[in-house]
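J.: Following is a predicted model, sequence given first.
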Amino acid sequence: MSEADSQLPTVHVAVGVIENDNGEIFIAQRLPEQHQGGKWEFPGGKVEPGESVQQALARELKEECNIEVEDCAPLTVVEHQYQDKRVLLDVWWVLKYRGEAKQLEGQQWLWVDIAQLDAFQFPDANQPIVERLVDTLNSY
Ligand SMILES: Nc1nc2c([nH]c(=O)n2[C@H]2C[C@H](O)[C@@H](COP(=O)(O)OP(=O)(O)OP(=O)(O)O)O2)c(=O)[nH]1
Ligand SMILES: [Mg+2]
C-alpha cells in the first residue's frame, strides 16, 4: 500500500444479511464490470449524502432485491482497505421484510445455508462477516 492509497476516502456501504424462513441467506454475484466483479456478496450499496445507514439499507434492498425492510438489527461493522478502494461495511441482519426476495439487477442470486457460505468466494472484506454468521450457528 502506498502513501497515496492510505489517503483514499472511505466508502460507507449498507449491507443486508437477509434470512428467509428456512434460515437461508440471500447472496448475489457481483457483475463482472463492478468493483470485486464475480465475487458473491450480501446485497447493499453506498450510503448517499444525507441518508442514514438504515435508510440506505432499505433503499438498496428495495432496488436490488425487491423487498421492503420492516425490521433490522446491527450485525457488525467491517473496515477494509482494497488496493484501489477503502470500504466501511455496515452490516445489518434483516429480521423481517415484505415482498418476495429476488435480484432485480441481472445478478445471479441464491438462498444458501449459513454452513454453505464458505463454498462461495466473497470479497476479502467479507471474511469476518461470514465468520460471524458461522459463529451464530455454532452458538446454538
Ligand atoms: N453490496 C456489497 N458491497 C460489498 C460487499 N463486500 C464488499 O467488499 N463490498 C464493496 C464492493 C463495493 O466497492 C462497495 C459497494 O458497492 P456497490 O457496488 O454495492 O454500491 P451500489 O450498490 O451503491 O452501486 P453503484 O454505486 O456501483 O451503482 O462495497 C458486500 O457483501 N455487499
Ligand atoms: Mg450494490
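T.: Thanks, I have the structure now. Nothing here was measured: the structure is a model prediction, and the numbers come from that model. Ligands and ions are numbered 1, 2, ... in the order given.

J.: List the neighbouring strands of the strand or helix carrying H80 plus their orientation.
T.: Per DSSP states H and E, H80 falls inside strand 68-81. Strand pairing for strand 68-81, using DSSP bridges, gives strand 86-98 (antiparallel).

J.: what ranges of the protein fall below the confidence cut-off?
T.: The chain contains residues with pLDDT under 70 at 1-6, 140.

J.: related to what we said a few turns ago, can you give the contact residues for the strand holding H80?
T.: 1, 5-6, 8, 10, 16-17, 54, 57-58, 61-62, 86-99, 123-126, 128-129, 132 (C-beta atoms under 8 Å, 6 or more residues apart in numbering). C-beta here means a position set from N, CA and C on the backbone, and glycine is covered the same way.

J.: Just the buried subset of the residues you listed, please.
T.: Buried members of the contacts of strand 68-81, counted by 16 or more other C-beta atoms under 10 Å: 16-17, 57-58, 61, 86-87, 89-94, 97, 123, 125-126, 129.

J.: was I right about V13 contacting K85?
T.: No. If you go by C-beta atoms under 8 Å, V13 and K85 don't touch, sitting 10.4 Å apart.

J.: and ligand 1, which of the contacts of strand 68-81 reach it?
T.: 87, 89, 123, 125-126 (C-beta under 6 Å from any ligand atom).

J.: want to throw those residues into a markdown table with distance to Q36?
T.: Shown next, in a markdown table, are those (distance: C-beta to C-beta, whole Å):
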| residue | distance to Q36 |
| --- | --- |
| V87 | 9 |
| L89 | 12 |
| P123 | 4 |
| A125 | 8 |
| N126 | 9 |
